[in-house]
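Asks: this is the structure alone, sequence omitted:
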Ligand SMILES: Cc1cc2nc3c(=O)[nH]c(=O)nc-3n(C[C@H](O)[C@H](O)[C@H](O)COP(=O)(O)OP(=O)(O)OC[C@H]3O[C@@H](n4cnc5c(N)ncnc54)[C@H](O)[C@@H]3O)c2cc1C
């Protein structure tokens, strides 16, 4: 394979939000100097029906803005203007507020926005096409190392690349094929997700009720739906209770949500059926192998308690794009060991730290033992009275602490 910069080729297996963001960042920064192919059978499907919603933190929003896709997404995005944390049991008549956060992390910059997955995937795919990314609706079946290249197997035949990026999700087959180990455990919990319609405006408020079986999060969505206003719920529930909840008829499901959601936003209705995702923690032992980089959920899976999983994946994309672009501009091999080492150093420790924090939070709060409840409520109350500490937490969660990759600061590559 030629080593001229015009002939660099990178294949990204997985056209989820992490994979498409990386493809777009590389194509925009390197233009015709690099051939980018994103492969994913899901590229055949219209993503607009995917109503899952994610909290996109300020750092990730800046990245989407730098990539030119934010303006198209913003009209359907809901800024989180305010956050409230309570600690109670399902039947408690009152849910005392222990911690509040004002939503702006910088003037005019909300801590996070709620964005629907389908809208984000559609915007990224359209921008990739416009930037010349080769989008192929096909699965990568395998790969083999060659001299200075990796042969990537696709149904229509193999292609040689300088780098293969595995962005193929939590159950990454490519990670397995590369024999990269995985450290992880199940939480014996599932995240039940649904969109709720309600009568009153949520005013951009996100609420997290820490209930004994796990956190029950209410995340505000942009106006719409049958009753004019919508909220996405992420309900962490013990695994053994989930089959029963999924089997309930829609009215009983609505009643179960109402017991936890309350009536402060008026009457509620279920906009989408319950979907349950088994929850686990996991991190790859290495983020790279020869001519292979893991990206997004293929490299790490964390508890959704802090809404950070995809944000980590976007940070991976920003860091890997930066390492590749810096090398390619010097005429260096974008799949070489130096690029991959830079990427791994930038991301593995940060990811591990976030994983440990979310794991600890889930263990601390998915628990009904009285001494632990008293201790954590005391802790929340203390944090609530310390504005500097609250500022620190909110900047961490917004992805704005420390240096971070250039795209996450809203800068171009
Ligand atoms: C209940 C719940 C709530 C969450 N809420 C939040 C939140 O608010 N904020 C947040 O930041 N994160 C959140 N997350 C985490 C978030 O969902 C994931 O981190 C994110 O979707 C991962 O994106 P990805 O692009 O890495 O992988 P995926 O979205 O899994 O994409 C992987 C893609 O790879 C494709 N693929 C698989 N195999 C192959 C192959 N062999 N060849 C080619 N393509 C292949 C698949 O078709 C898929 O499109 C939540 C998770 C859960 C479970």
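Replies: It's in. None of the values given here were measured: they were computed from a predicted structure.
Asks: show me what contacts the closest residue to the ligand within the stretch 201-350 of the chain?
Replies: Of all residues in the stretch 201-350 of the chain, residue 296 sits closest to the ligand, at 2.3 Å by Cβ to the nearest ligand atom. Bear in mind the C-beta positions are built from the backbone N, C-alpha and C, glycine included. Residues in contact with residue 296 (Cβ atoms under 8 Å, 6 or more residues apart in numbering) are 14, 16, 17, 18, 19, 167, 169, 310, 312, 313, 316, 317.
Asks: dihedrals phi and psi, it?
Replies: Backbone torsions of residue 296, given as degrees, to the nearest 10, read phi 70, psi -140.
Asks: ok, and for the longest helix along the chain, which residues are buried?
Replies: Counting residues, the longest helix found in the chain (DSSP state H) is helix 337-365. Residues of helix 337-365 classed as buried by neighbour count (16 or more other Cβ atoms under 10 Å): 339-340, 342-344, 346-348, 350-351, 354-355, 357-359, 361-362, 365.
Asks: hmm, it in reach of the ligand?
Replies: No - Helix 337-365 lies out of reach of the ligand by Cβ under 6 Å from any ligand atom, never closer than 10.4 Å.
Asks: where's residue 59, which helix or strand?
Replies: helix 58-66 (DSSP states H and E).
Asks: tell me what whichever helix or strand comes after that helix is packed against?
Replies: Sequence order places helix 70-73 as the next helix or strand after helix 58-66, per DSSP H and E. For helix 70-73, the elements it packs on are helix 58-66, helix 117-130, judged by 3 or more Cβ pairs under 8 Å, 6 or more residues apart in numbering; DSSP states H and E.
Asks: coming back round to it: out of the contacts of residue 296, which are buried?
Replies: 14, 16, 17, 18, 19, 167, 169, 310, 312, 313, 316, 317.
Asks: so, low pLDDT: which residues of the stretch 201-350 of the chain?
Replies: Applying pLDDT under 70 to the stretch 201-350 of the chain picks out no residues at all.
Asks: the ligand contacts on that one?
Replies: 234, 277, 296, 297, 304, 307, 308, 309, 310, 311, 313.
Asks: which of those residues fall within strands?
Replies: 234, 277 (DSSP state E).
Asks: buried ones among the residues of the stretch 201-350 of the chain next to the ligand?
Replies: By 16+ other Cβ under 10 Å, those give 234, 296, 297, 304, 307, 308, 309, 310, 311, 313 as buried.
Asks: widest-spaced pair of these?
Replies: Greatest spacing in these, by Cβ to Cβ: 234 and 296 (18.7 Å).
Asks: quick check: longest strand of the chain.
Replies: For the chain, the strand with the greatest residue count under DSSP E is strand 182-198.
Asks: and that one, what's buried?
Replies: Going by neighbour count (16+ other Cβ under 10 Å), the buried part of strand 182-198 is 187, 189, 190, 191, 192, 193, 194, 195, 196, 197, 198.
Asks: out of those residues, who's nearest the ligand?
Replies: residue 191 (3.0 Å).
Asks: just checking, the closest one touches residue 232?
Replies: No - with contact defined as Cβ atoms under 8 Å, residue 191 and residue 232 do not form a contacting pair (11.3 Å).
Asks: so for the two, which residues contact both of them?
Replies: Going by Cβ under 8 Å, 6+ apart, no residue sits against residue 191 while also sitting against residue 232.
Asks: could you give the number of residues near the closest residue to residue 70 other than its chain neighbours?
Replies: Excluding its sequence neighbours, the residue lying closest to residue 70 (Cβ to Cβ, 6 or more residues apart in numbering) is residue 64, at 4.3 Å. Residue 64 has 28 neighbours, counted by other Cβ atoms under 10 Å.
Asks: my guess is residue 64 contacts residue 74, does it?
Replies: No - using Cβ under 8 Å, residue 64 is not in contact with residue 74, being 9.3 Å away.
Asks: re earlier: please point out which parts of the helix holding residue 59 sit buried.
Replies: Applying 16+ other Cβ under 10 Å to helix 58-66 flags 58, 59, 60, 61, 62, 63, 64, 66 as buried.
Asks: go through the residues you listed and name the one nearest the ligand.
Replies: Out of the buried residues of helix 58-66, the member with the shortest distance to the ligand (by Cβ to the nearest ligand atom) is residue 60, at 7.4 Å.
Asks: contacts only, for the closest residue to that closest one other than its chain neighbours.
Replies: Spatial nearest neighbour of residue 60, excluding adjacent residues (Cβ to Cβ, 6+ apart): residue 314 at 4.4 Å. Residues in contact with residue 314 (Cβ under 8 Å, 6+ apart) are 17, 18, 21, 56, 60, 63, 408.
Asks: how much space between residue 314 and residue 182?
Replies: 21 Å (Cβ to Cβ, to the nearest Å).
Asks: can you check residue 33 too?
Replies: For residue 33 relative to residue 182 (Cβ to Cβ), the value is 34 Å.
Asks: helix or strand next in line after whichever strand or helix holds residue 29, which one?
Replies: Assigned by DSSP H and E, residue 29 belongs to helix 17-30. Scanning forward in sequence from helix 17-30 by DSSP H and E, the next helix or strand is strand 34-39.
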